[in-house]
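Engineer: Structure for the following, please:
(2 chains)
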Amino acid sequence: MGYVDGGPLVDGLLALGHCIKSTIGVDNNTFIKLIERPPREEYGDFGFPLLRFTRDRGVEGVLEGLSNCLRGYSIDYVGLNVVKGFLNVRFDEVKLGGILVKLLSSGWAPGMARVGGGEVKTIVVEHTSANPVHPLHMGHARNASLGDTLARMLKARGHRVVRRFYINDMGRQVAVLALGFKVLGLSPEEVALRLKAKIDHAVGWVYALTHTTIDLILARRGVVEESVESLASTIARLRERDVELADRLIEGVMKLEDPEAELSRIMSRYEAGLEPERSIVRGVAESTIRGFKETLDIMGVEFDYWDWESDIVWSGLLSRTLDELRRSTYIVKHKDALALDVARIAREVVEPSRELSQAIRLPRGFEIPPMILVRSDGTTLYWTRDIAYSIYKFENSKADMVVNVIAGEQRLPQLQIRLALLALGKVREAVNMIHYDYEMVRLPGRVMRGRRGEYVSLDEVLEDAEARALQEVLKRNPGLGVEEARAIARKIAVGAIRFSLVQPGALKPIVFDVEKVLNFEENTGPYLQYTYARAHNILEKHGPIDFSLVDPRAYSDSLRRALLIQTLTYPLVAAKAADELRPEDLASYLLKLADTFNRWYQRDSVIHEPDIGAREAKAVLVKLVKDVLSSGLEILGVPVLERM
RNA sequence: GGGCCCGUAGCUCAGCCAGGAUAGAGCGCCGGCCUCCUAAGCCGGCGGUCGGGGGUUCAAAUCCCCCCGGGCCCGCCA
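Structural biologist: Have a look, this model is predicted:
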């Protein structure tokens, strides 16, 4: 991977990387992967585990070879030594500062290092893709925050990125919703007006009430396991919202001869594209999505395409894909249904190749029943349509890679889709379809259930967080106008929420605690915003920097030196985080940088520095911190603030 | 029954893929710091059998095996 425009420190490391390759044969990617900050400052700025590669060779000889090689690259600001088997790298901060100042005066600013020209890929990031039957909740917020951040990272890395939202409008869930509105005889807009609710919240209420009422009917017949009492109490809770409207809906659903048959009818007529189901179903889904867009807009999340599952069917893509699948030798009849023998694909195609096993992420002893593609009644299943959609994502965007941000509970279906792609001979697609899996957000003690109306909506959390932030902003800025304070508060709220969802590794389960997100002293998103505001403020007061006056000798002070090295490492850290799809690495880097800056801030004033050369040198550090925070926060979707 | 994810300080987590340098942060708790660039900050302190056991290795939080705890998945649901 290339690291274009990484600045002087990254260039120094890359030169060292080349030298390591020519002297001990470690390739550049391995070098970049293994180089790390040493545990103790006195070892150096970076460490590389040399011992692992030079077992039988003299370490001194290697050191000498490397130094000679570096001179060949005319890099004179990198010092090397070996301690306990580690190659330690120490930059000469004065020389580095001198080079930096020249770069800065020609307009350079630290940002993520970009890939080389030939490495630019087209990458589709599909994320959020919430079912359009209730408002976005905190689970979707995690998905959206991760997905949007991944998209921003890959774009900053220099790739072409296409962001897609997949609208699942063909399932039972949307049919339940459509049935609810049909029974009510009202549009989503009318219900929203009456409930004085945001449209997707109104939809969510109708959905939960309809779904639970249907389940109650089924439970009485013994078809649904949940107890009649618990369903009845859910209904009673939902009913509170608007007793009259609720009763109309409940009674209407109860009167249906056979709600299950009614749902099937809606689903099959919609799949066939028949009216009036086509308009009704699309209509309710579109209403919900309008609500999604309002919320996502506040969160700073945008999409390039909104893909309708139904369009995959209606356009004929699904049947073309099915025709191809039918020709596959892995097709089997499972009773009257058409199925794909995925276990056999795994055994015959994947297992023999170690490389493919890894890329496909095949579990050991993979053995599961055939994957039904077409039901005996001729209708298709969700994952059948998803196979077609997967192909669509590659073809429509001419994508090299597709990243699907989907919860970990879908690992098996995602694997099955990769296997189906292999059955179609689409090896490149199967290998380059990445399931970016994350663990779900849970409520303390239980999961969120949209069909019971049990969730913490993102809108509520945003609202609470904003109100909490507003109090604080007004307290700290007594003269501030309410409008301006509100705008700041909203950005703090968004920053707090997005950061808290992206900072922990995606595989860590998050138990959602409203208090945690609202407590800004425990939350690190606002901490970064605050740090940025401080840096901004200093530069405001300092005025334009005169680079010609900078005295790089000022960087020998240990905290200043640390800041110089840390900020100049950003281009590489950010690029690695993007390549590895690890936003959390970027987040923890930014926190460390903010810590160093705040520690320095406390004891080494910039604008009160009497020596002009030192003052300009310090102002440069502030500018570096500000530029890095601005780049990093932008990628994390945490809004930057000039005051708070 | 099988598979996958997680288990590190009171709490939330980083480090594990690519084994090596005294296991790191934050919060909480205790004690300090605002006539000085925003105290959403800073300084100091307390706090760890890395879930348990075995193995591989000169070296294991990291690799392998077994076990325990939490979660998820194995549907002609989405």
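
Engineer: Just give me the neighbour total for the residue of the stretch 201-350 of chain A found nearest RNA strand B.
Structural biologist: Taking Cβ to the nearest atom of the strand as the measure, the point where the stretch 201-350 of chain A comes nearest RNA strand B is A:K335, at 3.0 Å. (C-beta placed from N, C-alpha, C; glycine too.) A:K335 is surrounded by 7 other residues when neighbours are defined as other Cβ atoms under 10 Å.

Engineer: if I look at it, how far off is A:P370?
Structural biologist: As for A:K335, its distance to A:P370 is 10 Å (criterion: Cβ to Cβ, to the nearest Å).

Engineer: now A:F53
Structural biologist: 48 Å.

Engineer: again with A:M138
Structural biologist: Between A:M138 and A:P370 the distance is 36 Å, computed by Cβ to Cβ.

Engineer: same deal with A:G7?
Structural biologist: Using Cβ to Cβ, we find A:G7 at a distance of 54 Å from A:P370.

Engineer: sorry, back to before: now for the residue of the stretch 201-350 of chain A closest to RNA strand B: which residues touch it?
Structural biologist: Taking Cβ atoms under 8 Å, 6 or more residues apart in numbering as the contact definition, A:K335 lies against A:S376.

Engineer: Next, it: phi, psi?
Structural biologist: For A:K335, the backbone dihedrals (degrees, to the nearest 10) come out as phi 50, psi -120.

Engineer: swap in A:A465?
Structural biologist: Dihedral angles of A:A465 (phi, psi; degrees, to the nearest 10) stand at phi -60, psi -40.

Engineer: Can you report how many residues neighbour it?
Structural biologist: As a burial measure, A:A465 scores 25 neighbours (other Cβ under 10 Å).

Engineer: how far away is the spatially closest residue to it that is not a sequence neighbour from RNA strand B?
Structural biologist: Nearest residue to A:A465 in three dimensions, chain neighbours excluded: A:A493, at 3.6 Å (Cβ to Cβ, 6 or more residues apart in numbering). Using Cβ to the nearest atom of the strand, to the nearest Å, A:A493 is found at 9 Å from RNA strand B.

Engineer: which residues does A:A493 contact?
Structural biologist: Applying Cβ under 8 Å, 6+ apart, we find A:A493 in contact with A:462, A:465-466, A:468-469.

Engineer: Among those, which lie within helices?
Structural biologist: Among the contacts of A:A493, the subset assigned to helices under DSSP state H consists of A:462, A:465-466, A:468-469.

Engineer: is it possible to export those to a markdown table including pLDDT and distance to A:E540?
Structural biologist: Putting the ones in helices among the contacts of A:A493 into a markdown table (pLDDT from 0 to 100; distance: Cβ to Cβ, whole Å) gives the following:
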| residue | pLDDT | distance to A:E540 |
| --- | --- | --- |
| A:L462 | 94 | 29 |
| A:A465 | 91 | 27 |
| A:E466 | 93 | 26 |
| A:R468 | 90 | 27 |
| A:A469 | 92 | 22 |
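
Engineer: ok, and of the residues you listed, which contact RNA strand B?
Structural biologist: Counting by Cβ under 7 Å from any atom of the strand, the subset of those that neighbours RNA strand B consists of A:A469.

Engineer: If any of the ones in helices among the contacts of A:A493 are buried, put those into a ChimeraX selection.
Structural biologist: Buried members of the ones in helices among the contacts of A:A493, identified by 16 or more other Cβ atoms under 10 Å, are gathered into one ChimeraX selection as follows:
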select /A:462,465,466,468,469
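
Engineer: Which member of the ones in helices among the contacts of A:A493 is positioned nearest RNA strand B?
Structural biologist: A:A469 (5.2 Å).

Engineer: wait, doesn't the closest one sit right on A:A489?
Structural biologist: Yes. Because the distance of 3.9 Å satisfies Cβ atoms under 8 Å, A:A469 is recorded as touching A:A489.

Engineer: what comes into contact with the helix or strand encompassing A:L87?
Structural biologist: Assigned by DSSP states H and E, A:L87 falls within strand A:86-91. For strand A:86-91, the surrounding residues in contact (Cβ under 8 Å, 6+ apart) are A:9, A:12-13, A:16, A:35, A:38, A:43-51, A:62-63, A:66, A:77-82, A:565.

Engineer: Please name the strands paired to it in the sheet, noting orientation.
Structural biologist: When sheet partners are counted by DSSP bridges, strand A:86-91 sits next to strand A:46-49 (antiparallel), strand A:78-83 (antiparallel).

Engineer: Can I get the shortest one as CSV, trimmed to CA atoms?
Structural biologist: Included here for strand A:46-49 are C-alpha records, laid out as CSV according to Å, rounded to 0.1, in the frame of the first residue of the first chain:
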residue,chain,number,x,y,z
PHE,A,46,9.2,4.0,17.2
GLY,A,47,10.2,0.4,17.7
PHE,A,48,10.5,-2.5,15.4
PRO,A,49,11.0,-6.2,16.6
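
Engineer: how about the top helix by length along chain A, does it reach RNA strand B?
Structural biologist: Across chain A, the longest stretch assigned as helix under DSSP H is helix A:612-636. No. For helix A:612-636 and RNA strand B, the contact criterion (Cβ under 7 Å from any atom of the strand) is not met; the two come no nearer than 7.9 Å.

Engineer: So for that helix, mean pLDDT?
Structural biologist: On average, the pLDDT along helix A:612-636 is 97.

Engineer: With stretch A:524-541 instead?
Structural biologist: Stretch A:524-541 comes out with an average pLDDT of 95.

Engineer: which other residues reach that stretch?
Structural biologist: Outside stretch A:524-541, the residues that touch it by Cβ under 8 Å, 6+ apart are A:469, A:491-492, A:495-500, A:503, A:520, A:545, A:587, A:590-591, A:594, A:597-598, A:601, A:606-607, A:619, A:622-623, A:625-626, A:629-630, A:632-633, A:638-644.
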